[in-house]
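Colleague: what's the 3D shape of this:
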Amino acid sequence: MVISTLLATFLAGVVESIETLTVVLAAGLSRNWKSAYFGLLAGILTLALVILIVGKVVINVLPLHLLNVVIGLFLLLFGSRWLVKAVQLYGGAKTLRDESEAFERMSSKLSRDEQRITAWEIDRVAFSATYGATVLEGSEVAFAVISFGSIAHMMPYALIGSAAGIVAVAFLGMMFRRPLASAPENGIKYVVGVMLTALGTLWTGEGVGVHWVLGDASYPGLLAVYVLFSIALILIVKGLSGTRGRTGGLSSAEAAVRRPQENL
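Modeller: As a prediction, the model looks like this:
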């Protein structure tokens, strides 16, 4: 469980930090580095406060069986969202966000506001952009930390894992001063999605009284089930995407109706 907690929260921290990094770099390079860093720090402190308050309430108020259900459902919610996104991207139904393009758009948008500041003032545009991005993208990491940390006293490991992921992305981004456009973001989302969904299934089941024959050792089996299921979904989505591509974006039923009409 320790390894699963460290790995899942580390990868979650990496995924969400990649998009936050893009905004921080755009704000810093096009506006003001000091204000961008202050916005980032304020966002991190906000998330830390959320983890502290919500995590303490969840652990101290909810009974164990209800805690399993609540945390399990949280993990299922976030895990399935990431897994669905990964399946759509691998299947060709969606395109992966281009961090370099997003960086250019954000830089252009931020540079339009010509606010003049002194050395002691905060650039409100840069601060607002980085604060908002940090809180928005980091909220899923925060709830992943709360979810893992609330079960079996894993909070220290969840915090270490997520912090390590965030620091790794921040270090690479600040070293190269450019977005991590070549990072395997979708692959990471897929791995985290499978892990969270499988763990959410395990804990939700325990909370509602399901007796897992192998106990916590059922987790690898659930991982395998979700991997096979997601691969099948990817193949189905690829097939559907290919069919729509050959028929000019129409569904197979629409294409079947159109063909006879075109021949008249």
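
Colleague: how far out from the middle of the chain is the strand or helix carrying Val125?
Modeller: Element membership of Val125 [criterion: DSSP states H and E] is helix 124-149. Using Cα atoms, centre = their mean, to the nearest Å, the mean C-alpha position of helix 124-149 is found 11 Å from that of the whole chain.

Colleague: now do the buried residues in it.
Modeller: Within helix 124-149, the residues scored as buried using 16 or more other Cβ atoms under 10 Å are 125-127, 129-131, 133-135, 137-149. For every residue, glycine as well, the C-beta is placed using N, CA and C.

Colleague: tell me which stretches of the stretch 51-200 of the chain form helices.
Modeller: Assigned by DSSP state H, counting those that start in this stretch, the helices in the stretch 51-200 of the chain fall at 64-91, 99-111, 124-149, 155-176, 185-207.

Colleague: wait, which of these is closest to Gly221?
Modeller: helix 185-207 (8.7 Å; Cβ to Cβ).

Colleague: and the closest residue to Trp82 other than its chain neighbours, what does it touch?
Modeller: Spatially, and ignoring its direct neighbours in sequence, Trp82 is nearest to Gly193 (3.5 Å; Cβ to Cβ, 6 or more residues apart in numbering). Residues in contact with Gly193 (Cβ atoms under 8 Å, 6 or more residues apart in numbering) are Gly79, Ser80, Arg81, Trp82, Leu83, Val84, Lys85, Ala86, Ser230.

Colleague: ok, 6 Å please
Modeller: Gly79, Trp82, Leu83, Ala86 (Cβ atoms under 6 Å, 6 or more residues apart in numbering).

Colleague: tell me the one of those residues nearest Pro156?
Modeller: Closest to Pro156, out of all of these and judged by Cβ to Cβ, is Gly79, at 21.9 Å.

Colleague: where does the prediction get shaky in the stretch 101-250 of the chain?
Modeller: Applying pLDDT under 70 to the stretch 101-250 of the chain flags residues 102-103, 111-120, 152, 176-183, 241-250.

Colleague: how about the helix or strand hosting Leu7: buried residues?
Modeller: Using DSSP H and E, Leu7 maps to helix 2-30. Residues of helix 2-30 classed as buried by neighbour count (16+ other Cβ under 10 Å): 4-30.
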